[in-house]
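[1] just need the structure, nothing else, for what follows:
(2 chains)
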Amino acid sequence: MEDDAPVIYGLEFQARALTPQTAETDAIRFLVGTQSLKYDNQIHIIDFDDENNMINKKVLLHQAGEIWHISASPADRGVLATCYNRTSDSKVLTCAAVWRMPKELESGSHESPDDSSSTAQTLELLCHLDNTAHGNMACVVWEPMGDGKRIISLADNHILLWDLQESSSQAVLASSASLEGKGQLRFTSGRWSPHHNCTQVATASDTTLRGWDTRSMSQIYCIENAHGQLVRDLDFNPNKQYYLASCGDDCKVKFWDTRNVTEPVKTLEEHSHWVWNVRYNHSHDQLVLTGSSDSRVMLSNMVSISSEPFGHLVDDDDISDQEDHRSEEKSKEPLQDNVIATYEEHEDSVYAVDWSSADPWLFASLSYDGRLVINRVPRALKYHILL
Amino acid sequence: MAAAATAGSSPGSGPGDSPEGPEAEAPERRRKAHGMLKLYYGLSEGEAAGRPAGPDPLDPTDLNGAHFDPEVYLDKLRRECPLAQLMDSETDMVRQIRALDSDMQTLVYENYNKFISATDTIRKMKNDFRKMEDEMDRLATNMAVITDFSARISATLQDRHERITKLAGVHALLRKLQFLFELPSRLTKCVELGAYGQAVRYQGRAQAVLQQYQHLPSFRAIQDDCQVITARLAQQLRQRFRCGPSSLTPALPPAECVELLLFLAHARGRLEEELRSLEAELGPSPPAPDVLEFTDHGGSGFVGGLCQVAAAYQELFAAQGPAGAEKLAAFTRELGSRYFALVERRLAQEQGGGDNSLLVRALDRFHRRLRAPGALLAAAGLTDAATEIVERVARERLGHHLQGLRAAFLGCLTDVRQALAAPRVAGKEGPGLAELLANVASSILSHIKASLAAVHLFTAKEVSFSNKPYFRGEFCSQGVREGLIVGFIRSMCQTAQSFCDSPGEKGGATPPALLLLLSRLCLDYETATISYILTLTDEQFLVQDQSPVTPVSTLCAEARETARRLLTHYVKVQGLVISQMLRKSVETRDWLSTLEPRNVRAVMKRVVEDTTAIDVQVGLLYEEGVRKAQSSDSSKRTFSVYSSSRQQGRYAPSYTPSAPMDTNLLSNIQKLFSERIDVFSPVEFNKVSVLTGIIKISLKTLLECVRLRTFGRFGLQQVQVDCHFLQLYLWRFVADEELVHLLLDEVVASAALRCPDPVPMEPSVVEVICERG
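    Have a look, this model is predicted:
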């Protein structure tokens, strides 16, 4: 069972921001935001043609500044939010805004495989998330499952909940909360939980993980010293409501049950430098992807703490009895948590990894030198999980 | 159901139903009717009669089916059958209806007669019962009268009965008293007559009572008398014994058993006395005489007594044969077990104590004393039990020593911690790490040796139990070698490893120097100490046991692994300290509006100082290690390469706006040729490797932090200066100075990329600033 070779795509600029086009569930499409101080920054819309193993790209100009974070609306394919740096007379401020891409780019580029450099189009600004009072924006997260009207942004030590009104042309600050404490507290990252009716958000600041209730904007749990050093990222298990994963500068990935915040459920220590990104697979939550500044991407199989600890429960009718039987036997084999694959296609630090929203077996990773690599889950494992 | 019932009783079954004719039809129909009934009462058709799997019960055209629908049936007939068949079926049906009618009539007549006779019978029974009822009533009244009478009689007799009981009690008491009063004379008579058995039995019966009432003078007198007589009796008996068994045994064949018992009871009395005194000695723990004295007492008192008893018994009752021997054995076992229990209690008190030689001598005496009766009383298994006790004590001793060693190790660690934490007296260095290490190593080694020596006493030649198989084999190999020495080394490794397991945030309490020291200690163990200790052990305890033992290599591997983990952890901790410093310095500065650099930032000097300090610290314990060959004026040479040609080459194109891709291309191509740097990689056991690890971690942190910031022109220049400064001082610490160059290049290049206006500083100016300090 040979695996397909990874597909590599190079950007001209440094890049840190990567997201799948969340609202798109048919085509495999990723958005990448570049970082350049000297040239106009771009958003690359990367379309992956699974059958031909080919990449099509479209480039959008993002003239506002270099992109530090990007996230796509879960409801509208054409809408996305970015956090970008605005440099003005020796001051750097990271702002956030919601954008709409031109209509014809929304749904892929199957029509004309033209040279994109000639026809770079510009994003249409929908609204700014006004942060003059709150400081630098670290990231913007959309309400998952929602209608794309509610977003949360993290600005320095504030957590801000916005309502987008009038077809997203206006952002109204609905509520906010801020972190008080000694020292300079700054949120580094946050995720919106898809469980509990989307009323929970978790944030990372320094070495601490915190959970927030978006209705009251109050803290619901707090994992102090979740990591020995800075926590870089976190993600919610899409199938188990109390589980989340976090990663940080101590090279570890930790899995937490938010009902018991004293001890992690599991700790992975495979990377040899800071882990910048951790992502659960959207449908098979045993698959966990991590990207690190040791230039490696790792895919781990955390069966024991997944929602399918005994393998996939066969309920498909189209599997004949015999197969059924065999697959049951297979699933009874002791399943172990392990690193399935280490991907070493990157030469520089990997700052972003994410799963495709359309194909659960495909993911992209982005390193600082602008290299985007699209990889698949090894076939053997895929069939092991499916059958 | 109604449909089914009507179908059953309705005349006629279907035309295809009974082609055989009326005679075959009858049983068939009855069975069907039966089936209907069963169906009606909810019994399943299948179990009712082995009826062949009939037509579909849901078929509405089945005449006998539960779901029979006459309309449907008729319809079907009308539709499907020709006229002739219809006619046939009609006649058939009429015939069947008739047959059913007549059947029913017969049934009714038959059953009517039976019914009438049953009614008659019931009426007759009613009469009979009425008669019986009257008689029962009368019986009840009579019974009541009888009860009444009997109650009255017993009431009259009540008080007389009580009096009789009392009298009987008094009589019995008087007889007992009489027996008591007559006891002395009877005893005397018995003794005179030589009916010793009888005498003993009397004495046995009376003793308890006398004991109880001895406060009454009269009874006291009796008791005294009895005692005198018994004493005389005993004396006589003993005399007889002394005369020899030959004269005794034939003379008193029936009383033999009694004699034995008596004899043993005496022996028991004496021995219990001994035990009691022993127990008294045991009593309150501290003032007890030392264990040696205790075992001496026990040995001479109890064991001696037991020996005498056994010898006398065997002399006297040799003729008793196996039964007698068994009795003696049971007796010995019982008392022996009590003795052992006492001894064990005493020994348990000794467990905490430190003096092994005393204990061994005590055990030796204990064991030696028991060998004499052991020979006599092999059946009682005293020797085995004694050996077991000795073994158990030896095992516990080993455990005790292991605990002691562990405690000593932890104590050493605490000492080291204190020494490390102690404030340095100005000008005078505290004990150096090497010195501390030597102290720890020698103190642990001396503890181990002391323990070995102490344990060795158990196997000394002159000790009586040393030639037991346990002490020759298992004790040496499993106990001392595996349990004590290997166990200690393992636990030492574990303790040391536990320092690494505590994650960074909580393990802050462990001073890095301690990690370093432990790592070196483990490494020393790996290289020499383990094999030395084990050889020492093997020499002292000539191991004859063939059971598998942990080979030296396994232990060494464990120690090495521990040392490696500790050292890696040390690198991580120290790297973290420096990288935190760097991170803070990059994060907190406003790089856009910084001024033109005049100086190297203080934090960089601090980094170099700290690195130097770590270098010194590691150098105290670890060897230099190999580094790549370099020329003597390495710093100069690399500096020029770094700051002029390569650096210029690196970011010169980045501000020529013509080629936005060149920067990437260049750096990517360069990366193709440089090896991937594993930042947190395992370290080797030498100074250079440790320092390389720490510097790698620090510089990588610097790189990542720089990439997160935006720099102004002067900010970039400051980074340039800082990096050059680091370059000047850090190369000497690492194995491959290329590595430092590479990382620092990367830092400067990244800073240039993060700078909108990258104008690098003149290399010569950088040089001047750095040299100025």
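[2] residues in chain A within reach of chain B, list them.
    A:10, A:12-14, A:36-39, A:85, A:87, A:90-92, A:207, A:225, A:228-229, A:250-251, A:272-274, A:293-295, A:344, A:347-349, A:368-370 (C-beta under 8 Å from any C-beta of the partner chain). For glycine as for every other residue, the C-beta is placed from the backbone atoms N, C-alpha and C.
[3] buried subset of these?
    A:12-14, A:36-38, A:85, A:92, A:207, A:228-229, A:250-251, A:272-274, A:293-295, A:347-349, A:368-370 (16 or more other C-beta atoms under 10 Å in any protein chain shown).
[4] out of the residues of chain A next to chain B, which are inside strands?
    Among these, the members found in strands (DSSP state E) are A:10, A:14, A:85, A:87, A:91-92.
[5] how about these in TSV, adding pLDDT?
    Shown next, in TSV, are these (pLDDT from 0 to 100):
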residue	pLDDT
A:10	87
A:14	87
A:85	86
A:87	76
A:91	78
A:92	80
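[6] pick out the most distant pair among these.
    Based on C-beta to C-beta, the longest span within those runs between A:10 and A:91 and measures 32.4 Å.
[7] I'd like the distance between residue B:530 and residue B:408.
    Separation of residue B:530 from residue B:408 (C-beta to C-beta, to the nearest Å): 17 Å.
[8] which residue ranges of the stretch 201-350 of chain B form helices?
    For the stretch 201-350 of chain B, the helices defined by DSSP state H, counting those that start in this stretch cover B:217-243, B:245-251, B:256-282, B:291-297, B:304-316, B:322-351.
[9] tell me the buried residues in the fourth one?
    It stands for helix B:291-297. Residues B:291-292, B:294-297 are the ones in helix B:291-297 that count as buried (16+ other C-beta under 10 Å).
[10] give me the domain ranges for chain A.
    A:8-105+A:120-178, A:188-308+A:334-386 (the TED database).
[11] rank those by pLDDT, which is bottom?
    Note on the domains of chain A: domain A:8-105+A:120-178 shows the lowest mean pLDDT, a mean of 85.
[12] distance from the lengthiest helix in chain B to the middle of the chain?
    For chain B, the longest helix by residue count, based on DSSP state H, is helix B:83-193. Relative to its chain's centre, helix B:83-193 lies at 62 Å (C-alpha atoms, centre = their mean, to the nearest Å).
[13] which helices and strands does it pack with?
    helix B:70-80, helix B:196-212, helix B:217-243 (3 or more C-beta pairs under 8 Å, 6 or more residues apart in numbering or on different chains; DSSP states H and E).
[14] sorry, back to before: more neighbours: residue B:530 and residue B:408, which one.
    Set side by side, residue B:530 and residue B:408 show more neighbours around residue B:530, with 22 against 18, by other C-beta atoms under 10 Å in any protein chain shown.
[15] leaving out the residues flanking it, which one is nearest to that one?
    Leaving aside its sequence neighbours, residue B:530 sits nearest to residue B:555 (C-beta to C-beta, 6 or more residues apart in numbering or on different chains; 5.1 Å).
[16] what's the one you found in contact with, if anything?
    Residue B:555 makes contacts with B:486, B:489-490, B:530, B:534, as judged by C-beta atoms under 8 Å, 6 or more residues apart in numbering or on different chains.
[17] show me chain B divided up by domain.
    Chain B breaks down by the TED database into domains covering B:255-377, B:400-420+B:432-571, B:589-623+B:669-772.
[18] end-to-end on the last one?
    The reference is to domain B:589-623+B:669-772. Using C-alpha to C-alpha, to the nearest Å, the end-to-end distance of domain B:589-623+B:669-772 comes out at 23 Å.
[19] now that domain: mean pLDDT?
    Averaged over domain B:589-623+B:669-772, pLDDT sits at 82.
[20] so who does residue B:569 touch?
    Contacts for residue B:569 were tallied using C-beta under 8 Å, 6+ apart; they are B:499-500, B:515.
[21] give me the next element, helix or strand, following the one helix or strand it maps to.
    According to DSSP states H and E, residue B:569 maps onto helix B:552-587. Remark: after helix B:552-587, the chain's next helix or strand is helix B:602-621, criterion DSSP H and E.
[22] check which residues of that next one are buried.
    Neighbour-count burial for helix B:602-621, with 16+ other C-beta under 10 Å as criterion, is recorded at B:603-605, B:607-608, B:610-611, B:614-615, B:617-618, B:620-621.
[23] likewise for stretch A:41-52?
    By neighbour count on 16+ other C-beta under 10 Å, the buried set for stretch A:41-52 is A:41-48, A:50.
[24] for chain A, see how far away the most centrally placed residue in chain B is.
    Centroid-nearest residue in chain B: residue B:399, 18.2 Å away (criterion: C-alpha atoms, centre = their mean). For residue B:399, the distance to chain A equals 33 Å [C-beta to the nearest C-beta, to the nearest Å].
[25] residue B:395 touches residue B:479, doesn't it?
    Yes: between residue B:395 and residue B:479 there is a contact under C-beta atoms under 8 Å: 6.5 Å.
[26] who has more neighbours out of these two?
    Legend: neighbour count by other C-beta under 10 Å for residue B:395 and residue B:479, higher for residue B:479 (24 against 16).
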